[in-house]
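A.B. asks: here is a sequence together with a model predicted from it:
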Amino acid sequence: MPADGDLAEAASVLRTGGLVAFRTETVYGLGANALDARAAARIFEAKARPSFDPLITHLADAADLEPLVGPVPPAVAALASRFWPGPLTLIVDRPAGIPPIVTSGLASMAVRVPDDEHARRLIAAAGVPVAAPSANRFGQLSPTRAEHVVRGLGAAVDLVLDGGPTRCGIESTIVDARGEHPVVLRLGALPVEELAKVTGPVTVRPGSSGQPVAPGTLAAHYAPRTPLRLLPTGDGRSAAEPAPGGVRRGYLAFRDRPAPGWAAVEVLSATGDLTEAAARLFDALHRLDAAVVAEIVAEPVPETGLGRAVNDRLRRAAATWQPTG
Ligand code: TXA
Ligand code: MG
């Protein structure tokens with residue numbers, strides 16, 4: 001946990017248009033004052049993020065929502081009151097005070113209250129809403145530790161607050177609940193099953209499940225630098241192939257260690273716990289990337305609860321994989 005002095009300094013960097021990377025319960029965010037178009041522009045620059053990809057605005061408290069955006073539809077209010085603070089991002093109409101660059105020109109805005117004392121204290125101390133994407137270069141692995149941020153973004157960030165590893169390990173679930181039926185726009189750290197308990201049946205927008213319509217046409221996202229190949233869906237038990245000879249390959253397992261021969265192995269959860277697997281996913285991929293292997297072979301996890309979001313990230317990471325040679 002950063003000291004109070006660090007938080008105060010970070011808050012002042014945010015207020016004066018700087019960029020601060022900070023921990024949330026999901027992944028590290030790269031924050032800027034959401035009311036300041038120039039500060040928000042710096043986020044796009046630092047991440048090399050295309051300007052058409054809108055940012056999520058972060059608030060310190062659920063009570064800060066309506067003063068910023070005005071009255072919201074009842075279903076949105078119900079989800080905010082049930083799940084905030086927490087890993088749920090809600091879509092609302094963009095208020096006049098938020099510059100269009102934050103939402104990439106959309107009339108809507110994504111907003112959430114992170115469940116992390118450290119993040120909420122920072123945002124409260126800054127006294128402004130904080131626009132924050134994941135603190136990685138566009139398309140690359142999301143950071144779950146301060147050192148991932150430093151390695152990926154380096155000098156592009158004014159200040160990195162090291163709060164230790166993040167708890168959930170994957171990004172928030174994004175839901176548009178403004179219409180008659182809630183639609184999940186991105187699978188994430190709040191399982192769809194939990195949402196459905198409040199809203200009734202939810203639709204998961206095709207594409208957010210990560211099932212590419214035409215494999216290879218989907219932009220690589222959440223991707224390690226090393227090519228990643230996803231094995232066919234099994235029952236969640238190890239689908240490990242024997243390690244192929246020749247080049248060094250890494251293996252990402254769900255529960256069971258694969259046969260020997262892999263140059264690097266990561267097991268997401270030896271007990272088969274999907275919460276632990278989600279929390280360790282990006283960290284494991286960062287390590288496999290650092291192991292300098294020619295290819296990462298990954299097992300899908302069971303397609304239930306948080307497993308859906310984990311498989312979503314794996315499918316996107318594998319979307320541009322092509323057989324070598
Ligand atoms: O857990 C998280 O959500 C993390 C932490 C830092 O809060 N943030 C995060 O931000 O994952 P980012 O920028 O990496 O992903 C935000 C996603 C983008 O895919 C973007 O397209 C979508 O949110 N998004 C933002 N505003 C939107 C809007 N108005 N309508 C639909 N999608 C939106
Ligand atoms: Mg991201």
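C.D. replies: In hand now; what should we look at? Numbers count the residues shown, from 1 in each chain. Ligands and ions are numbered 1, 2, ... in the order given.
A.B. asks: so where's the stretch 51-200 of the chain uncertain?
C.D. replies: Residues of the stretch 51-200 of the chain that meet the criterion pLDDT under 70 are absent altogether.
A.B. asks: can you show me the helices along it?
C.D. replies: Here the stretch 51-200 of the chain has its helices, by DSSP state H, counting those that start in this stretch, at 65-69, 74-83, 117-126, 146-153, 192-199.
A.B. asks: helices and strands around the last one, which ones?
C.D. replies: Looking back up the chat, that one is helix 192-199. Counting contacts by 3 or more CB pairs under 8 Å, 6 or more residues apart in numbering; DSSP states H and E, helix 192-199 packs against helix 74-83, strand 173-176. Yep, even glycine has a C-beta here, placed from its N, CA and C like the rest.
A.B. asks: turn the helices of the stretch 51-200 of the chain into a markdown table, including mean neighbour count and distance to ligand 1.
C.D. replies: Below are the helices of the stretch 51-200 of the chain laid out as a markdown table (neighbours: other CB atoms under 10 Å; distance: least, CB to the nearest ligand atom, whole Å):
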| stretch | mean neighbour count | distance to ligand 1 |
| --- | --- | --- |
| helix 65-69 | 17 | 12 |
| helix 74-83 | 18 | 13 |
| helix 117-126 | 21 | 8 |
| helix 146-153 | 20 | 11 |
| helix 192-199 | 15 | 15 |
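A.B. asks: what's the closest of the ones you listed to Met1?
C.D. replies: Proximity of the helices of the stretch 51-200 of the chain to Met1 was assessed by CB to CB; the nearest stretch is helix 117-126, lying at 5.9 Å.
A.B. asks: out of the helices and strands packed on helix 192-199, flag the one nearest Val184.
C.D. replies: Evaluated over the helices and strands packed on helix 192-199, closeness to Val184 peaks at strand 173-176, with 5.5 Å, by CB to CB.
A.B. asks: and that closest one, what other elements does it pack with?
C.D. replies: Looks like strand 173-176 contacts strand 88-93, strand 183-186, helix 192-199 (3+ CB pairs under 8 Å, 6+ apart).
A.B. asks: quick one: the second one near ligand 1?
C.D. replies: Yes. Applying CB under 6 Å from any ligand atom, one finds strand 183-186 touching ligand 1 at Leu185.
A.B. asks: kindly report the residues of the stretch 201-325 of the chain close to ligand 1.
C.D. replies: By the rule CB under 6 Å from any ligand atom, no part of the stretch 201-325 of the chain lies against ligand 1.
A.B. asks: could you do the stretch 51-200 of the chain as well?
C.D. replies: 53-56, 89, 91, 103, 106, 108-110, 114, 132-134, 171-172, 174, 185.
A.B. asks: which of those residues are buried?
C.D. replies: Neighbour counting by 16 or more other CB atoms under 10 Å classes 54-56, 89, 91, 103, 109-110, 114, 132-134, 171-172, 174, 185 among those as buried.
A.B. asks: what is the nearest of these to Arg315?
C.D. replies: Proximity of these to Arg315 (CB to CB) peaks at Glu171, which lies at 14.7 Å.
A.B. asks: hmm, Glu25 and the closest one touching each other?
C.D. replies: No. Glu171 is beyond contact range of Glu25, at 10.5 Å (criterion: CB atoms under 8 Å).
A.B. asks: what do the two both touch?
C.D. replies: Counting by CB atoms under 8 Å, 6 or more residues apart in numbering, the contacts common to Glu171 and Glu25 are 87, 189.
A.B. asks: Glu276 is in what secondary structure piece?
C.D. replies: helix 274-290 (DSSP states H and E).
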